[in-house]
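[1] Make a model of this:
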Amino acid sequence: MLRLLALTLITTTLAERQQVGDDGQAKRLFESMFPREWVFDQQFEGRGKGRKNGSVRVKLDKSRIATFRGGLKGIWNLKETKKPNFLELELPLNKADDKYLLYQVNCRPGKYFDNAVNFDEEGVIYEVSSFVPSPETMKPVGKFSVRPIAAKPMLDRSLRC
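    Below you'll find the predicted structure:
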């Protein structure tokens, strides 16, 4: 009995570390988890076009269009090329699309819910000076964090003591 309990405890602990679902398969991120509104708390290191410190609402559509509050539009992608996966968002700074802001942040599946997305750390905002990003053309210009839009807490006055 004690061996069975120990085996169950070890299996549960390993499953939590490896982000394994109820069916024993590793949890994965899918693009269908991202289309919703998010809040980007951004902090830029300098001034420039499209750079505004503070919180901004960003709506990610199913058609991979990212709409910033204020009318700015860009595109977003989920990249699964490295571990952890990362969300990438491009926001053009001119009509030729040869200069743009590139938002990158690591993400992983949520711990408890299959459709949840968890952003562990701050992302980096790069200014890219060519059509294809490369380490030579990417200059870090700020940081940002991502959080979901949550409803404002409601107070039930009937529960007061």
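[2] which residues does the closest residue to Asn77 other than its chain neighbours bridge with?
    Nearest residue to Asn77, sequence neighbours excluded (Cβ to Cβ, 6 or more residues apart in numbering): Glu88, at 5.0 Å. Quick note: C-beta positions are derived from backbone N, CA and C, even for glycine. Per DSSP bridges, the residues bridged to Glu88 are Asn77, Gln104.
[3] What is the burial count for Glu88?
    Residues lying near Glu88 (other Cβ atoms under 10 Å) number 15.
[4] which residues touch it?
    76-79, 102-104 (Cβ atoms under 8 Å, 6 or more residues apart in numbering).
[5] And it, how close does it get to Tyr126?
    Separation of Glu88 from Tyr126 (Cβ to Cβ, to the nearest Å) stands at 10 Å.
[6] ditto for Phe34
    Remark: distance between Phe34 and Tyr126 (Cβ to Cβ) = 20 Å.
[7] Could you pull out the strands in this protein for me?
    Secondary structure of the chain (DSSP state E): strands at 37-44, 54-60, 65-68, 73-79, 85-92, 100-109, 117-118, 123-128, 138-148.
[8] can you tell me which of the ones you listed the model trusts least?
    Of all the strands of the chain, mean pLDDT reaches its minimum on strand 117-118 (a mean of 82).
[9] what lines up beside that one in the sheet?
    Strands that pair with strand 117-118, judged by DSSP bridges, come out as strand 100-109 (antiparallel).
[10] any idea which of the contacts of Glu88 is closest to Phe30?
    Of all those, Phe30 sits closest to Leu78, with 7.8 Å by Cβ to Cβ.
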